[in-house]
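J.: Need coordinates for the below:
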Amino acid sequence: MAKMIHSMIRVLDEARSVDFYARAFGLAVADRVEFDSFTLIYMSNAETGFELELTINKGRTEPYALGDGYGHLAVSVDDLDAEHARLTEAMMAPGKIIDMAHGGAPLARFFFLTDPDGYKIEVLQRRGRYL
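T.: Now for the predicted structure:
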């Protein structure tokens, strides 16, 4: 059986992205691998073994075109309202909280946050399938 271990995104500024993911989600650098033309930064926290891989292509100065294929990363939290308030206070501009139902039953409660490179992160209340 396959085990998902990480997802990779390309970022322009290593320090800015590492700071964003540390402040927003408590991720810390688990490993940093330097190559001649690029650097790989693996970020994680104690909540899960799944990692976010940040790829920094050296010499790149133009923002990446995210295109229309990228959707979002998702994280779950114990207290959505508290996280929304914390991120708002930290001036990270979270989107509005959305309550989504399906067939008349609650399905998900979430908001989106955008990282410095324009990637969307869905922040979900832990419940149901979103544990």
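J.: And A65, what's its pLDDT?
T.: pLDDT for A65: 91.
J.: Tell me if it really is in a helix.
T.: No: A65 is assigned coil when assessed by DSSP: H, G, I helix; E, B strand; the rest coil, not a helix.
J.: So V75, which state does it fall into?
T.: Applying three-state DSSP: V75 is strand.
J.: again with A82
T.: helix.
J.: Return the per-residue confidence for it.
T.: 97.
J.: and the residue nearest to S37 when sequence neighbours are not counted, what does it touch?
T.: Nearest non-adjacent residue to S37, counting by Cβ to Cβ, 6 or more residues apart in numbering: K58, 5.5 Å away. The C-beta positions use only the backbone N, C-alpha and C, and glycine is treated the same way. Neighbouring residues of K58 by Cβ atoms under 8 Å, 6 or more residues apart in numbering: D36, S37, F38, T39.
J.: L87 sits in which helix or strand?
T.: For L87, the host element (DSSP states H and E) is helix 80-89.
J.: List the buried residues of that helix.
T.: By 16 or more other Cβ atoms under 10 Å, the buried positions in helix 80-89 come out as L80, E83, H84, L87.
J.: now those in JSON lines, with distance to G71?
T.: Converted to JSON lines, the buried residues of helix 80-89 look like this (distance: Cβ to Cβ, whole Å):
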{"residue": "L80", "distance to G71": "20"}
{"residue": "E83", "distance to G71": "21"}
{"residue": "H84", "distance to G71": "21"}
{"residue": "L87", "distance to G71": "20"}
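J.: Kindly write the PyMOL command that selects the buried subset of the contacts of K58.
T.: Restricted to buried positions by 16+ other Cβ under 10 Å, the PyMOL selection for these reads:
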select buried, resi 39
